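Q: Please work out how this folds:
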Amino acid sequence: MIAALALLLITQDSAFKNQNLLKSVVGYPTGKNGYEEYLAAGDYASTPAFTIGLKSTLDNGAGKPLWLTSRKAFTAQFSQIQSLLSEGNAKPVFDPRTSSTFETLYPEYFHLKSVSKYVPLAAISQFSEGHNIEAAKTLLDGLVFADKLAGTGSVLAYLVGNACRVNPLAGFSMNLERIPLQSWKPVIAVCDKKLASSTFLDTIEADVNHLDAELTTGLRDPKVLYGMFIDAQNKDEIKSQVDKLTAAGRDQVAEHCHAALARFLQQCKALAKAPEGTWYANLGAMSTMQAQDSDPLARALLTASQPVYSQVFLVELKVRAQTRLLRLHGLIQTYRMTRGKLPDTLDDLENKEACWDPLLSAPYSYIRKNEDYELFTGGVPGLGRIDLVIYRKPQPGVTGDDPVNP
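A: Numbers count the residues shown, from 1 in each chain. Okay, the predicted model is just below:
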């Protein structure tokens, strides 16, 4: 695979008109980091042919002439993306940049989101040809890709990775009955792994520690500090206050910031250990928690520089709910394929833990409608209903459903 990636570096310069993510971010591939394959997939997604083809394909929705034909042609043209995701997923995945600052750009994120949109389209083509095992693998690869991208260390990567999850989940949601029995076991295993992961909290901790180091460096070199707050509304006030401080005074402010961030991190960890049903009610206090300190300048610096970490908790709530729902859909479909019918109630399933909704401390809502059903969580007050899909059986003669347009 290293040779293939190296060849891609050589051949893409002219074809991609310098939009070579693999070359600009990595330089030369090591073969030991799945992020390299993701970047190579992003390079395919950065081409005009992919951009035009994706838009045309998504615009040509179900019911329109040649909608399935257009999907098959598009996904066949860029089938390398599918192989690259699968190979990247088999490796450790981490951001290959050795360092980053507030000025670091991540041009690959836009194109990696486009890569995720390719996934359900490829699966639709495979389902339509009866290659259901391969289609389920394609969707699972898309889910693993999104989860691994979300775990590469920064809050931004976490949010982008979980945005990418929408697309393989759409593919699953529109094709639940087409997923073969043998394919549900690895899907359920990936869901279990995701639910056991502390990625979101690890991401917050890494981000807070990085911010702590940046503020310390910036207070020792005010020019760096001012660059951090170029878009802050109170940048002039911050600059005025810092300019008046001696070196010792700036060190004291750095110590205040360090202590405040350490307290905030402990509060995040405490909230993460609390029942998920209590998270949403406590998110409003997080902005106040982030800026807590007795020193007014430290408060101003923290307020201007910290990301909205409450958004990470909110995304995590939805991700966990959707992950549990996908797992439960898998158990329901497994029951259907082994028993020849849908369960009458969730009590019919053996895995009682998977049927329990931690947001409401009650079973998930399962509404049986003849051979159809709905499965969802009512969420918590202020958050509302979360579901993976309103399940409907495919109509006779229809070979594939249009994935939800992201």
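
Q: Please make it C-alpha for all contacts and neighbour counts, starting now.
A: Will do.

Q: mind showing which ranges of the protein have poor pLDDT?
A: For the chain, the stretches flagged by pLDDT under 70 are 1-19, 62-63, 65, 229-233, 287-293, 389-406.

Q: Where is the longest helix in it?
A: Ranked by residue count, the top helix of the chain under DSSP state H comes out as helix 309-339.

Q: so what does that one touch, helix or strand wise?
A: Under the contact definition 3 or more C-alpha pairs under 8 Å, 6 or more residues apart in numbering; DSSP states H and E, helix 309-339 sits against helix 155-173, helix 181-196, helix 199-220, helix 279-283, helix 286-290, strand 372-377, strand 386-390.

Q: Let's see that with 6 Å instead.
A: The helices and strands touching helix 309-339, judged by 3 or more C-alpha pairs under 6 Å, 6 or more residues apart in numbering; DSSP states H and E, are helix 181-196.

Q: how far off helix 309-339 does the helix it packs on point, in degrees?
A: 150 degrees (axes from the mean of the first three to the mean of the last three C-alpha atoms, to 10 degrees).

Q: just checking, what packs against helix 181-196?
A: helix 309-339.

Q: Quick one: distance of the helix it packs on to the chain centre.
A: The chain centroid and the centroid of helix 309-339 are separated by 14 Å under C-alpha atoms, centre = their mean, to the nearest Å.

Q: Would you indicate which residues of that helix are buried?
A: 309-310, 312-313, 315-335 (16 or more other C-alpha atoms under 10 Å).

Q: Name the next helix or strand downstream of it, please.
A: strand 356-357 (DSSP states H and E).

Q: List the pairing partners of that following strand within its sheet, with orientation.
A: Strand 356-357 pairs in its sheet with strand 362-363 (antiparallel), by DSSP bridges.

Q: ok, residues contacting stretch 316-335?
A: Residues outside stretch 316-335 that contact it (C-alpha atoms under 6 Å, 6 or more residues apart in numbering): Trp184, Ile188, Cys191, Leu388.

Q: Closest one of the residues you listed to Gly379?
A: Leu388 (12.7 Å; C-alpha to C-alpha).

Q: Against Thr323, how distant is the residue nearest to the spatial centre of the chain?
A: What sits nearest the mean C-alpha location of the chain, by C-alpha atoms, centre = their mean, is Asn162, with 1.5 Å. Asn162 is 11 Å from Thr323, where distance means C-alpha to C-alpha, to the nearest Å.

Q: on that earlier part again, and the contacts of stretch 316-335, which are buried?
A: Trp184, Ile188, Cys191, Leu388.

Q: With distance to Asp43 added, can I get those residues in CSV?
A: Compiled in CSV, the buried ones among the contacts of stretch 316-335 are given as follows (distance: C-alpha to C-alpha, whole Å):
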residue, distance to Asp43
Trp184, 31
Ile188, 31
Cys191, 29
Leu388, 30
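
Q: Select, from the residues you listed, the two members most distant in space.
A: Trp184 and Leu388, at 15.7 Å, using C-alpha to C-alpha across the buried ones among the contacts of stretch 316-335.

Q: What residue, apart from its backbone neighbours, is nearest Leu149 spatially?
A: In space, not counting the residues next to it along the chain, Leu149 is nearest to Gly161; the distance is 5.0 Å by C-alpha to C-alpha, 6 or more residues apart in numbering.

Q: Count residues in the vicinity of that neighbour, would you?
A: Look at Gly161: counted by other C-alpha atoms under 10 Å, it has 25 neighbours.

Q: and if you look at the one 5 residues further on?
A: The burial count assigned to Val166 is 23, neighbours taken as other C-alpha under 10 Å.

Q: how much space between it and Lys235?
A: From Val166 across to Lys235, the span is 37 Å (C-alpha to C-alpha).

Q: Next, the contact list for the residue nearest to Leu149, please.
A: By C-alpha under 6 Å, 6+ apart, the contact set of Gly161 is Ala146, Leu149, Ala150.

Q: and the protein, what are its domains?
A: For the chain, automatic domain parsing gives the domain ranges 2-183, 209-304.

Q: Among those, which comes closest to Leu383?
A: Between the domains of the chain, domain 209-304 lies closest to Leu383; by C-alpha to C-alpha that is 7.5 Å.
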